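Peer 1: Sequence and computational prediction follow.
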Amino acid sequence: MRPPHIIWSPVAEDSYLKTIEYILAKWSLREAEKFESKVNHLLNKLMVHQKLCPESISFNGLRKCVISSQTSLIYRVHKNSIELIAFIDNRSNQTI
């Protein structure tokens, strides 16, 4: 059986890039690289264990992974793919 492939929604791409830009503006290239490494590590784990992160209570079919104390990934599992929905700031009032 082939592992699922990752699909980035436009919102996921945009929110990921904005998170990287924010890290670069507030901290350093090294911190941005560490964040990127955490995301890549998580995506590799999700390809093996699609339901690794807990399912949302509020939104059917969505799952939330905490990447750092500041950022989480929202995703959906499909039969042959994992759809990245968005990267959210845990300090905001965004709920999932």
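Peer 2: Yep, that arrived.
Peer 1: which residues of the chain fall in helices?
Peer 2: 10-26, 29-48 (DSSP state H).
Peer 1: Tell me, how many residues neighbour residue 53?
Peer 2: Residue 53 has 20 neighbouring residues, counting by other Cβ atoms under 10 Å. Where you see a C-beta, it was placed from the backbone N, CA and C, and this is true even at glycine.
Peer 1: How much space separates the spatially closest residue to it that is not a sequence neighbour from residue 24?
Peer 2: Distances taken as Cβ to Cβ, 6 or more residues apart in numbering place residue 65 nearest to residue 53, at 3.8 Å, with adjacent residues excluded. Taking Cβ to Cβ, to the nearest Å as the criterion, residue 65 is separated from residue 24 by 22 Å.
Peer 1: Likewise for residue 50?
Peer 2: Counting by Cβ to Cβ, the gap from residue 50 to residue 24 is 31 Å.
Peer 1: who's more crowded, residue 65 and residue 24?
Peer 2: residue 65 (18 against 14).
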